[in-house]
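Asker: 3D model of this:
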Amino acid sequence: MSPSNVPNSQNMLQLDMRAIIQSGDIQKLVSFAEVQGGALQNYGLTTSQIRLSFGQVRQIEAMWSISGQREQAERLLMLLKPRIAYQAARDNKDGSKLLRDILSAGIDVVFEDTPPGSDMAVERTTRFRRFTELFEALLAYHKVASIR
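Answerer: Coordinates of the predicted model:
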């Protein structure tokens, strides 16, 4: 059964992403990345396939920190969703589909409504930083799983 066809997997994934990206639960981030990074390896996703999207996120991260470029960086982050959807459809592998599901859910959480009274720009910046931390941890645990 492919990752996106598991019953309630999307709901669980969304809850995990909220805990990691909105709430900043670092223990959840590490445990989630360890399990999912290993799953990406087991599903046959290569490091270079992950690095394609990771490199784009790093470019967005660099742009995000430049004064006056945050809105363009946000736009590029949202446009990453169709790129990873295309890559998953083209690869037609469970690993690509799982990575698509994780990254898409994470991007959605970055852009979810901010709590009343909070600064939207600051909140999105914090969420984006947590998203990049999650992606980096996924890549690291994928690499660990390939060494084992």
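
Asker: could you say which helix or strand contains L99?
Answerer: Here L99 sits within helix 94-111, counting by DSSP states H and E.

Asker: Low-confidence ranges, the protein, go.
Answerer: For the chain, the stretches with pLDDT under 70 are 1-8.

Asker: The residue lying farthest from the centre of it: what secondary structure?
Answerer: Centroid-distance maximum for the chain: G117 at 26.4 Å, with Cα atoms, centre = their mean. What DSSP: H, G, I helix; E, B strand; the rest coil gives for G117 is coil.

Asker: That one: what's it in contact with?
Answerer: G117 is in contact with no residue at all, counting by Cβ atoms under 8 Å, 6 or more residues apart in numbering. Where you see a C-beta, it was placed from the backbone N, CA and C, and this is true even at glycine.

Asker: Give the phi and psi angles for it, as a check.
Answerer: phi 90, psi 0 (degrees, to the nearest 10).

Asker: From F131, how far out is it?
Answerer: 23 Å (Cβ to Cβ, to the nearest Å).

Asker: Please give the element, helix or strand, for R58.
Answerer: Secondary structure assignment for R58, by DSSP H and E: helix 47-64.

Asker: Please find the angle between the direction vectors of whatever helix or strand comes next after that helix and helix 94-111.
Answerer: Later in the chain than helix 47-64, the nearest helix or strand by DSSP H and E is helix 70-91. Here helix 70-91 points in a direction 160 degrees away from that of helix 94-111 (axes from the mean of the first three to the mean of the last three Cα atoms, to 10 degrees).

Asker: Measure how far helix 70-91 is from the centre of its chain, please.
Answerer: Offset of helix 70-91 from its chain centre (Cα atoms, centre = their mean, to the nearest Å): 11 Å.
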